[in-house]
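Visitor: with the sequence up front, the predicted model follows.
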Amino acid sequence: MLDKKDKIERRRKGMNDTLQKMSESSTATSMILSAFGWKPNGGSSSSSSSKTKREKVAVVTVSGNINNSVSYEVIESLRRIRKDKSVKCMVLRVDSPGGSVVSSEAILEEIKLLDKPVICSMSNAAASGGYYISMNSEKIFAQPTTLTGSIGVFGIKVDASKWAESYGIHSDQYPRGSHATAMHPLTPLTPNTKNNISRMVLDYYDYFKSLVAEGRSLSAKEVERVAKGRVWTGEQAKEEGLVDALGGLDRAISYARTTHTTAEDVEVEHWPRRTLSLEDLNWSEMLMGTKESSISDIFEKLRAAIMGIEEEGGESTPSLEQSFLSELAELKFAEKPHFLLTMDENTALDLILRGE
């Protein structure tokens, strides 16, 4: 019994060493393995919890139009970061032209609940709602060419009542108030509705300006001068006091490390976490030999292979391990899963000049 336990332990250690080497040689491979609970320098996620946690800097990326789905994903990440005591600072990476006022406000309020300092790093764009969610940051970094600012609010009311009437389309409504159906596309735009929308937009605009004034330590007059929907480059924004310094994500992370951590070895975590699907990667047939296998079967087989667990019949699955590892290691770059990364201009130019 002891020999069998030692055999399994040696096998697990050998497999862990192999996965460690693969993880170090390929970022894509490392991300794939982490999706199944394996972490570099720590084996599986279950075993890593017993070790002393390193200090962390969390990087939360807000990318694209800020809508309900984006805000939900970001808020979930922020709540998990808030509970992690090893996270000493958060870097908010913004690459967004804006979006919904409600979604932007939800993200900002969640950021305010963090008991950790927040550093903002602006990518290609951090305008309107993208700038809005940056207002609780201790320091804001932007690229010289970043498009930011756009401090303004607008509202849209779709009036398709005449179009519907021309096609004989009618709607029956039983509202509880005189303005309950004001935003319905088949409800005409009345003077009262127009006034209400205008008042709502102006209220949001005044609140946006008050956030900027408080967050950037500017007077109401100074904010009004740079507001009204104007868009600024990062360089211009620095001159106007809308951002603090010029630099990319690497500089923001470096600032967070030197200012808010005490350890030399600091882990950088990226959020939101991306979940990989084996169906999306079309590896079901490779791992199981059939296209009909369920994702749970594939997951259990893969976990068994990685952790050296034997099947019910007492026979191990070395061929499955070797097949998975060899297939993963021999994939050409073009065949591997790709992930979108953001880099500063100097790094991008360097890669282009080297032909990579």
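Guide: Ah, there it is.

Visitor: pLDDT weak spots in this structure?
Guide: 1-5, 7-8, 19-52, 274-356 (pLDDT under 70).

Visitor: all strands of it, in order?
Guide: With strands called from DSSP state E, the chain shows them at 38-39, 43-44, 56-63, 87-96, 118-127, 139-142, 147-149, 231-233, 245-246, 267-271.

Visitor: which one, of those strands, ends up nearest to G215?
Guide: Comparing those against G215 with CB to CB, the closest turns out to be strand 139-142 (9.0 Å). Using the backbone N, CA and C atoms, a C-beta is placed for each residue, glycine as well.

Visitor: in the sheet, which strands lie alongside that closest one, parallel or antiparallel?
Guide: strand 118-127 (parallel), strand 245-246 (parallel) (DSSP bridges).

Visitor: taking strand 87-96 as reference, get the angle to the longest one.
Guide: It stands for strand 118-127. Put simply, strand 118-127 runs at 0 degrees to strand 87-96, going by axes from the mean of the first three to the mean of the last three CA atoms, to 10 degrees.

Visitor: circling back to that earlier point, distance to Y205 and mean neighbour count for the strands of the chain - can I get that in CSV?
Guide: As requested, those are arranged in CSV below (distance: least, CB to CB, whole Å; neighbours: other CB atoms under 10 Å):
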stretch, distance to Y205, mean neighbour count
strand 38-39, 46, 19
strand 43-44, 51, 18
strand 56-63, 22, 22
strand 87-96, 19, 24
strand 118-127, 15, 25
strand 139-142, 21, 25
strand 147-149, 14, 25
strand 231-233, 16, 18
strand 245-246, 28, 15
strand 267-271, 31, 15
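
Visitor: using CSV, please lay out the ones you listed together with distance to I169.
Guide: Below are the strands of the chain laid out as CSV (distance: least, CB to CB, whole Å):
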stretch, distance to I169
strand 38-39, 57
strand 43-44, 59
strand 56-63, 39
strand 87-96, 37
strand 118-127, 38
strand 139-142, 48
strand 147-149, 41
strand 231-233, 39
strand 245-246, 54
strand 267-271, 46
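
Visitor: for those, which one sits closest to N196?
Guide: Of all these, it is strand 118-127 that lies closest to N196, at 26.7 Å by CB to CB.

Visitor: what does that closest one contact?
Guide: The contact list for strand 118-127 (CB atoms under 8 Å, 6 or more residues apart in numbering) reads 63, 89-98, 111, 130, 134, 136-143, 145-150, 231, 234, 243, 247-249, 251-253, 255-256, 342.
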